[in-house]
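Asker: One predicted model, sequence on top.
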Amino acid sequence: MSSQSIGAKPTVLASKNLETFESPNTKRDFHIHMEIPEFTCLCPKTGQPDFAVIYLDYIPDKTCVELKSLKLYMWSFRDEGCFHEAVTNRILDDLVMATQPKFMRVTAKFYVRGGIFTNVVAEHRQAGWQPPARVELTHFDGQQNTRG
């Protein structure tokens, strides 16, 4: 066997620490949408991995979540046994505590396990906040974030 290294041990570690930054515009409601396609946790019954796409939609008040800390936070569930419903609500609670948004929705779409897909949606709404009326515009087909 060769003694040549093919890589090094990662220096970045998973973390439950969510960092924030000041919202660039506190005078306007704006919608932030994130897709986290590589979420994993463990089934608390079997220890097998569960895979999900997490969708995060929120309207910030004074702060926004910083992306690297969000990535490391999501990564922190990789070795934890979690029921789908519990982990979705935990993610919402932790993000609300960190950012105090006007509105936040976490949607977790878990891949099939035993012939069953599980989707869990959890929401938070700041007391007294109401969304402005939606303006309907011409619909354009969405563009993928990947090319090819």
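Answerer: Looks like it came in fine. Residues are numbered from 1 along each chain as shown.
Asker: Skipping adjacent residues, who's closest to V106 in space?
Answerer: Of all residues not flanking V106 in the chain, L92 sits nearest, at 4.5 Å (CB to CB, 6 or more residues apart in numbering). For every residue, glycine as well, the C-beta is placed using N, CA and C.
Asker: any low-confidence regions in this structure?
Answerer: Counting by pLDDT under 70, the chain contains low-confidence ranges at 1-3, 5, 140-148.
Asker: Which helix in it has the most residues?
Answerer: helix 84-99 (DSSP state H).
Asker: That one packs against which elements?
Answerer: Counting contacts by 3 or more CB pairs under 8 Å, 6 or more residues apart in numbering; DSSP states H and E, the secondary-structure elements packed against helix 84-99 are strand 49-59, strand 63-65, strand 103-113, strand 116-125.
Asker: Which among the ones you listed is found nearest to H139?
Answerer: strand 49-59 (18.0 Å; CB to CB).
Asker: Please identify the buried residues of that closest one?
Answerer: Residues of strand 49-59 classed as buried by neighbour count (16 or more other CB atoms under 10 Å): 50, 52, 54-59.
Asker: Could you list the alpha-carbon positions for that strand in PDB?
Answerer: The C-alpha trace of strand 49-59 is given here as PDB (Å, rounded to 0.1, in the frame of the first residue of the first chain):
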ATOM      1  CA  PRO A  49     -29.600   7.000   6.900                       C
ATOM      2  CA  ASP A  50     -32.600   9.100   5.900                       C
ATOM      3  CA  PHE A  51     -32.200  11.600   3.100                       C
ATOM      4  CA  ALA A  52     -34.200  14.700   2.500                       C
ATOM      5  CA  VAL A  53     -34.400  18.000   0.600                       C
ATOM      6  CA  ILE A  54     -35.000  20.800   3.000                       C
ATOM      7  CA  TYR A  55     -36.700  24.000   1.700                       C
ATOM      8  CA  LEU A  56     -36.400  27.100   3.800                       C
ATOM      9  CA  ASP A  57     -38.600  30.100   3.000                       C
ATOM     10  CA  TYR A  58     -38.500  33.200   5.200                       C
ATOM     11  CA  ILE A  59     -39.200  36.900   5.400                       C
END
